[in-house]
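Q: using only what follows, build the 3D model:
(2 chains)
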Number of protein chains: 2
Amino acid sequence: MRLAALISGGKDSMVALHKAAEKHKIVCLVGVIPENPDSYMFHTYNLHLLDAISSCLQMPIFKISTPGVKEIEVEDLQIQLELLRIDGIVIGGIESKYQRNRFKKVCENLDIELIAPLWHMDVIDLMEEVIREYNAIIVSVSAMGLDERFLGRKVDDKVLSELKTLNEIYGVHIAGEGGEYETLVLDAPLFRKEIIITNSRILWRGDSGNFEVTDFKLEEK
Amino acid sequence: MRLAALISGGKDSMVALHKAAEKHKIVCLVGVIPENPDSYMFHTYNLHLLDAISSCLQMPIFKISTPGVKEIEVEDLQIQLELLRIDGIVIGGIESKYQRNRFKKVCENLDIELIAPLWHMDVIDLMEEVIREYNAIIVSVSAMGLDERFLGRKVDDKVLSELKTLNEIYGVHIAGEGGEYETLVLDAPLFRKEIIITNSRILWRGDSGNFEVTDFKLEEK
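A: Purely as a prediction, here's the structure:
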C-alpha cells in the first residue's frame, strides 16, 4: 500500500512511520499547522523542523491548515486528506482511543486504511527502541516532576529511568502520550541526513516549558 | 477545475493564484523545500512563512523535497505532484520559458493542465496591481543598484519608480523575474488573516542580501 504518515516531529509518529515502512511504501508525510496562540507559534511548535524532517527523509510533506481550533476537526482533516492519492494513513497512537477513533472515522469515510503500528505496544519496549535506534530530544514538558532540566535532553536510559520513577510517583505516562512531554527526532534509521542543532533557547512559563530550536543544519550521515 | 498553486511566498505566484481562483477552485498550495546551503537555510528562505501563508489562505500546503540540487528536477517534481488529486497547477511565470517548459512537460506527463495567468502580462500592469491590492515586501536583492535600503520595503509607487530607473540604467527586470529581487506577500485579497512581522534582521553579503523574518504573528483582518 501507498501510505501517508502523520508526523508531529516526535518519536511516536516517527517510530510508527518506520514500522509501517517495513511492509508498505510511505509516499508522503502529513503535518498539522497549529492554531496561532501568539506570535511565537511557528517557533514554539518547531514547525519549521517538520520541513527539515521531510528533507531528511526525502519525502514530500502535506501540511494541513486548521481554521483556528487547536484540534483539527474530523471534517477538515477529511477534506484535506482527500486530496492525496493514498491507500491509507499511519498514525503513532499507542493508547489514545480519542485520537484513534477520529482518524478511524476519517479513513472509513475516505475508504482508506488506518495503520497504527504502535497500538497497544508496551511503552517500555517502545522507549527502549527509541533509545537504541533514534536520536530524540525532549522539546516540551508540562507535568509534575518534569522540570526545566529535561528540556533539550536526549531520550536515553537515564531519562527512561527517571520517567519510570515519575510514573510511580505522579502517574506520568512513560511515553508522554498524555502530553506530559514532547520530543523531536533529530535522527532515525530512514533519515538520509541528520538534524544538527546549532542554536536553541528555553522558554519556561510557570510549570511548563519549551525547548526552541532557533538554528540548525542538516548533515550527511 | 481543482488546482494546486505553486507558491514561493512572493508576489508573482500569489497574483497568479488569485487570478486562477476567479475561474477555478484552488484546493492546495505547493511549495519547494530548497537545498541546504548552510545552517540558515530555513531562515534565509523564510520557508516557515509558507506555512503562515497556508494558514492565512486556509489552504493545505504540499511541500516538495529536493534531493540536494537547487532546482528541483522534472522527474522529482512529477513523482511528487502525482500524489495530488488535481486537474492542474498554477504557476506565476511571466516570461521565463525555461521554467514554463519544465512545468509544461510535467503537466503533460501527468495529463493535467498548466495555468499561467501572468504569462506575457505587462510587467508595469502587474506591479501596479501588486501595489494596489497586495502588501508585498522585498526580502532579497541581488542586482546592480539594488542595495540594502530596498530590503524590507513594501512594494509601492516609489519602489516601482526606482525599479523603472534601474531597469533603464542596468536592465534590471522590473518584476524581478531574473532573480534581481524577491518579495514576500504579507497580505492579499484572499487572505483571511494577515502576517504582521514583529522582528526581523538583515543579512548582507557583499552585493546581495536577505531580509529575514525572525518573528511574526497572524492577525484577523
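Q: from A:Glu182, how far out is the residue sitting furthest away from the middle of chain A?
A: Distance from the C-alpha centroid of chain A peaks at A:Ile169, with 25.7 Å (C-alpha atoms, centre = their mean). For A:Ile169, the distance to A:Glu182 equals 21 Å [C-beta to C-beta, to the nearest Å]. Placement of C-beta: from N, CA and C, glycine included.
Q: for chain A, give me the ranges with low pLDDT.
A: Across chain A, the ranges flagged by pLDDT under 70 are A:34-46, A:67-73.
Q: can you give me the strands for it?
A: Counting by DSSP state E, chain A has strands at residues A:2-6, A:25-33, A:61-65, A:88-90, A:113-115, A:135-141, A:181-187, A:193-205, A:208-220.
Q: list the buried residues in the fifth one.
A: Of the residues in strand A:113-115, A:114-115 count as buried by neighbour count, 16 or more other C-beta atoms under 10 Å in any protein chain shown.
Q: that older thread, need the contact list for the closest residue to the residue farthest from the centre of chain A other than its chain neighbours.
A: Excluding the flanking residues, the one nearest A:Ile169 by C-beta to C-beta, 6 or more residues apart in numbering or on different chains is A:Gly145, at 6.5 Å. Contacts for A:Gly145 (C-beta atoms under 8 Å, 6 or more residues apart in numbering or on different chains) come out as A:166, A:169-170, A:172.
Q: the residues you listed: which two are farthest apart?
A: The distance between the two most remote of these (C-beta to C-beta) is 8.0 Å, for A:Ile169 and A:Val172.
Q: overlap in contacts of these two?
A: A:144-145.
Q: and the closest residue to A:Leu49 other than its chain neighbours, its phi and psi?
A: The spatial neighbour of A:Leu49 that comes closest, neighbours along the chain excluded (C-beta to C-beta, 6+ apart), is A:Gly9 at 5.4 Å. In this entry, A:Gly9 is assigned phi and psi values of phi 100, psi -10 (degrees, to the nearest 10).
Q: surely A:Gly9 and A:Ser54 touch.
A: No. If you go by C-beta atoms under 8 Å, A:Gly9 and A:Ser54 don't touch, sitting 10.4 Å apart.
Q: what bridges to the residue nearest to A:Ser54 when sequence neighbours are not counted?
A: Setting aside the residues directly before and after it, A:Ser54 is nearest to A:Ile61 in space (C-beta to C-beta, 6+ apart), at 3.9 Å. Residues in a beta bridge with A:Ile61, per DSSP bridges, are A:Leu29, B:Lys63.
Q: what is the burial count for A:Leu50?
A: 25 (other C-beta atoms under 10 Å in any protein chain shown).
Q: so it sits against A:Ala5, correct?
A: No. Contact criterion C-beta under 8 Å: A:Leu50 and A:Ala5 do not qualify, at 11.6 Å.
Q: joint contacts of these two?
A: A:Leu29.
Q: for stretch A:128-148, which positions count as buried?
A: A:129-131, A:134-143, A:146.
Q: circling back to that earlier point, of all the strands of chain A, which one is nearest B:His120?
A: Closest among these, using C-beta to C-beta: strand A:61-65, at 32.4 Å.
Q: list the helices and strands that closest one packs on?
A: Applying 3 or more C-beta pairs under 8 Å, 6 or more residues apart in numbering or on different chains; DSSP states H and E, we find strand A:61-65 packed against strand A:25-33, helix A:48-57, helix A:74-81, helix B:48-57, strand B:61-65.
Q: buried residues in the last one?
A: Within strand B:61-65, the residues that count as buried by 16+ other C-beta under 10 Å are B:61-65.
Q: same deal with stretch A:157-167?
A: A:159-160, A:162-163, A:166-167.
Q: in helices only, show me those residues.
A: A:159-160, A:162-163, A:166-167 (DSSP state H).
Q: got a markdown table for the residues you listed, with distance to chain B too?
A: Below are these laid out as a markdown table (distance: C-beta to the nearest C-beta, whole Å):
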| residue | distance to chain B |
| --- | --- |
| A:Val159 | 27 |
| A:Leu160 | 31 |
| A:Glu162 | 31 |
| A:Leu163 | 31 |
| A:Leu166 | 33 |
| A:Asn167 | 35 |
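Q: coming back round to it: nearest to B:Asp215, of the buried residues of strand B:61-65?
A: Using C-beta to C-beta, the buried residues of strand B:61-65 come closest to B:Asp215 at B:Ile61, 20.6 Å.
Q: am I right that that closest one is in contact with B:Ser55?
A: No. Assessed by C-beta under 8 Å, B:Ile61 is found out of contact with B:Ser55, at 9.1 Å.
Q: surely A:Met144 meets A:His173?
A: No. With contacts counted by C-beta under 8 Å, A:Met144 stays clear of A:His173, the gap being 11.9 Å.
Q: list the contacts of stretch A:112-129.
A: By C-beta under 8 Å, 6+ apart, the list of residues contacting stretch A:112-129 reads A:1, A:3, A:12, A:15-16, A:19-20, A:24, A:86-95, A:100, A:103-104, A:107, A:155, A:160, A:163, A:173-175, A:177.
Q: quick one, which of those are buried?
A: A:3, A:12, A:15-16, A:19-20, A:24, A:86-94, A:100, A:103, A:107, A:155, A:160, A:163, A:173-175, A:177.
Q: for B:Glu182, see how far away the residue farthest from the centre of chain A is.
A: 54 Å.
Q: ok, A:Met14 next?
A: A:Met14 is 33 Å from B:Glu182, by C-beta to C-beta.
Q: compare neighbour counts for those two and give me the winner.
A: A:Met14 (27 against 21).
Q: contacts only, for that one.
A: A:7, A:53, A:92, A:134, A:136, A:185, A:188.
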